[in-house]
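mind folding the following:
(one chain, ligands or ions: 2)
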Amino acid sequence: MKIRAVELHRVAMPLVRRFETSFGVQTTRDVLLVRVRTDAGDGWGECVAGAEPVYSSEYTDGAEHVITHYLAPALLGADSVTAETVARLLSFVVGHRMAKAALETAVLDAQTRAAGQSFGEYFGAVRDAVDCGVSVGIAPTIDELLAEVGGYVDEGYRRIKLKIKPGWDLEPVRAVRGLIGGLPLQVDANTAYTLADVDHLGALDEFGLLLIEQPFEEENIASHVALAAAIATPVCLDESIHSALIAVDAIERGATSIVNIKAGRVGGYLEAVRVHDVCAELDVPVWCGGMLETGIGRAANVALAAMENFTLPGDTSASRRFYADDITEPFELVDGRLAVPTGGGSGVEVREELLARWALRAPVTLRA
Ligand code: SMG
Ligand code: MG
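Numbering: from 1, shown residues only. Ligands and ions are numbered 1, 2, ... in the order given. Next up, the predicted model:
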């Protein structure tokens, strides 16, 4: 395909409720959406970077800058681009995986739409609906936490994930376990602990958690190896896993026995599929992480999560978990599952009137 233009949209999406993690509180999502216009049709991609570099080194303004000045010009200057060649064309830029992923996804969307192939078919999906979990933020009080979790249980979610940090861990986990009985439960620390906390984290063993996600900083594989050897709860890496190569290394070193896959974090859905594949070869189950995606990113995540080795429920919640209205048709939970879109490409359509209404500024169009 020839890429004729890359269009950058910035929209502000209000969250239906505050989302607190160990690194801060979010009340809106400032999102960068990318549309590629090609000779075979258009495609959309979503950049999952946050507004500030507090979760990952990437952030929305930085992603927009690197796309504008480096990544988009490389694609616009190429005679022919396919989803399979995007990573190589962009490899001269170090890192910036979330920015690269947004572009690769847009190209993949255009390409598969033109071919009448769904993302699920392209990825090799084996199911037509995926089991869904929900990620629950740190709440002001235990009572408020229980009210929120109770609502999600009533909606039918098949797994609860609690955000934890020092001072908000054993007590909320005990309370939620009491509320939900045997429903699968896991925790995510977003790097808030250190190796000095190993004994404390071992106290989580009594709650029969599916896993503890990323307790230590992303570069610190060694501390995760030590924790995994010391506690019964399986350790699962999120922030640390930037590629299939790193996943294999972390697994072989004993740092992680379950892997959270986020396409943005690994540079795109093609690498996400490779992470899935290497984990399957090593008998390591995977699940699909979430980055508060709009319907654009959610559609792709649900298709990815339909692959065989995604055996644990993902952070693939319904649109309404974060947004009163979605930028595409909303994803709705049916019996604790989301249906995998079947239309060409991502299978969802961007609602242009909402794009205009929520725009932070006029779209920027980059041409060769
Ligand atoms: O999309 O449901 C979702 C959010 C899931 O908790 C979630 N994501 O570390 O796994 C994680 C966090 C990162 C998002 S906050 C920037
Ligand atoms: Mg996480």
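
so Gly133 sits right up against Tyr157, yeah?
Yes. Proximity of Gly133 to Tyr157 meets the contact threshold set by Cβ atoms under 8 Å, at 6.0 Å. Backbone N, C-alpha and C define where each C-beta goes, glycine included.

next, show the common contact partners of the two.
When Cβ atoms under 8 Å, 6 or more residues apart in numbering defines a contact, the residues bordering Gly133 and Tyr157 alike are 313, 317.

could you give the number of residues near the residue in the chain positioned nearest to ligand 1?
At 2.4 Å from ligand 1, Gly290 is the closest residue in the chain, using Cβ to the nearest ligand atom. By the measure other Cβ atoms under 10 Å, the count of residues near Gly290 is 23.

list the contacts of it.
By Cβ under 8 Å, 6+ apart, the neighbours of Gly290 are 135, 262, 301, 314-317.

so which pair among those residues is furthest apart in space?
Lys262 and Ser317 (14.4 Å; Cβ to Cβ).

near ligand 2, which residues of the stretch 101-250 of the chain are found?
Applying Cβ under 5 Å from the ion, we find that the stretch 101-250 of the chain lies next to ligand 2 at 188, 213, 238.

please redo it, this time with the cut-off set to 6 Å
Residues of the stretch 101-250 of the chain lying close to ligand 2 by Cβ under 6 Å from the ion are 188, 190, 213-214, 238.

highest neighbour count among the residues you listed?
Going by other Cβ under 10 Å, Glu213 tops these with 28 neighbours.

can you spell out which residues form a bridge with the closest residue to that residue other than its chain neighbours?
Excluding its sequence neighbours, the residue lying closest to Glu213 (Cβ to Cβ, 6 or more residues apart in numbering) is Asp188, at 4.0 Å. Counting by DSSP bridges, Asp188 is bridged to Lys163, Glu213.

i'd like the first residue to be 381 from this point on
From this message on, residue numbering opens at 381, which makes the last subject Asp568.

so Asp568 makes contact with Lys541?
Yes. Here Asp568 reaches Lys541: they are 5.7 Å apart, a contact under Cβ under 8 Å.

shared neighbours, those two?
By Cβ under 8 Å, 6+ apart, the residues touching both Asp568 and Lys541 are 515, 593.

contact partners for the closest residue to Ala583 other than its chain neighbours?
In space, and not counting its chain neighbours, Ala583 is closest to Leu550: 5.7 Å by Cβ to Cβ, 6+ apart. The contact partners of Leu550, taken as Cβ under 8 Å, 6+ apart, are 580, 583-584.

need the buried ones from these selected in ChimeraX.
What follows is the ChimeraX syntax selecting those of the contacts of Leu550 that are buried according to 16 or more other Cβ atoms under 10 Å:
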select :584
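
gap between the two ends of stretch 442-462?
25 Å (Cα to Cα, to the nearest Å).

what lies in contact with that stretch?
Contacts of stretch 442-462 (Cβ under 8 Å, 6+ apart): 381-386, 388, 390, 412, 414, 416, 418, 427, 429, 433, 465-466, 469-470, 472-473, 476, 478-480, 482-483, 487, 491, 744, 746-748.

what helix or strand is Gly442 located in?
helix 440-446 (DSSP states H and E).

how about Thr745?
strand 744-747.

can you tell me which of the residues of the stretch 481-630 of the chain next to ligand 2 are up against ligand 1?
568, 570, 618 (Cβ under 6 Å from any ligand atom).

I'd like the mean pLDDT over the strand holding Thr745, please.
What strand 744-747 shows for mean pLDDT is 98.

now do stretch 492-499
Computed over stretch 492-499, the average pLDDT equals 98.

what about it, how long is it end to end?
7 Å.

buried sites along that stretch?
Here stretch 492-499 shows 492-494, 498-499 as buried, counting by 16+ other Cβ under 10 Å.

tabulate the residues you listed (TSV), appending secondary structure.
Listed next are the buried residues of stretch 492-499 as TSV, based on DSSP: H, G, I helix; E, B strand; the rest coil:
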residue	secondary structure
Thr492	helix
Arg493	helix
Ala494	helix
Ser498	strand
Phe499	helix
